[in-house]
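*Asks:* give me coordinates for this.
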Amino acid sequence: MGCTRINSTRTTIAPTPPVPTAVQGDTAAGISEARQAARAFTDSLTPAPGPDMADTLVLVVSELVTNALRHGGGHYTLELSAGPDTVTAAVSDPDPAHPRERTPDLNGGSGGFGWHMIRHLTSHLTITPRSGGKTIHAQLPR
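*Replies:* A predicted model of the protein is given here:
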């Protein structure tokens, strides 16, 4: 019985630097726009991240912009960027106060889950004071 040897060449796709994405919002409709921007951003990455990472980024973005609208002064700017090994969502709002953890409300529906979730889902999280507010940088592994 003969043996056939197949020579294969590996093709490596070099990551292309994505164009950073920026979105601003000041209404509840902006939350949906931010989620759509995050999904479009991950869809534009080469190589594409796995679907779990893309879903996680969309969830983190949704929580960050929701918190900015509810607790951060009612306005946000979202900036999305990616490096070879990470994807970063940076959300700025006009309130200089850092987010605070609170006990999640299991009965009244008043929330308390978002900041816990963001901290759990990200690989690196920083809060940077800036003139007229703060920026929260949430980094996820690519």
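*Asks:* can we go C-alpha only for contacts and neighbour counts from here?
*Replies:* Noted.
*Asks:* for the biggest helix by length in the chain, packing partners?
*Replies:* Ordering each helix of the chain by length in residues (DSSP state H) puts helix 51-71 first. On a contact count with 3 or more Cα pairs under 8 Å, 6 or more residues apart in numbering; DSSP states H and E, helix 51-71 meets helix 29-44, strand 76-82, strand 86-93, helix 114-121, strand 133-141.
*Asks:* could you give the mean pLDDT of stretch 129-142?
*Replies:* For stretch 129-142, the per-residue pLDDT values average out at 95.
*Asks:* give the partner strands of the helix or strand bottoming out on mean pLDDT in the chain in its sheet and their orientations.
*Replies:* None of the helices or strands of the chain scores lower by mean pLDDT, DSSP states H and E than strand 21-25, at a mean of 86. Under the criterion DSSP bridges, strand 21-25 sits next to strand 76-82 (antiparallel) in its sheet.
*Asks:* what angle do the strand it pairs with and strand 133-141 make?
*Replies:* Strand 76-82 runs at 30 degrees relative to strand 133-141, counting by axes from the mean of the first three to the mean of the last three Cα atoms, to 10 degrees.
*Asks:* can I get strand 76-82 in PDB? Just the C-alpha atoms.
*Replies:* What follows is the C-alpha trace of strand 76-82 in PDB, where atoms were taken according to Å, rounded to 0.1, in the frame of the first residue of the first chain:
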ATOM      1  CA  TYR A  76     -20.600  59.200  27.000                       C
ATOM      2  CA  THR A  77     -17.900  58.800  24.300                       C
ATOM      3  CA  LEU A  78     -16.900  55.300  23.400                       C
ATOM      4  CA  GLU A  79     -13.600  54.500  21.700                       C
ATOM      5  CA  LEU A  80     -12.800  51.000  20.400                       C
ATOM      6  CA  SER A  81      -9.200  50.000  19.500                       C
ATOM      7  CA  ALA A  82      -7.300  46.700  19.000                       C
END
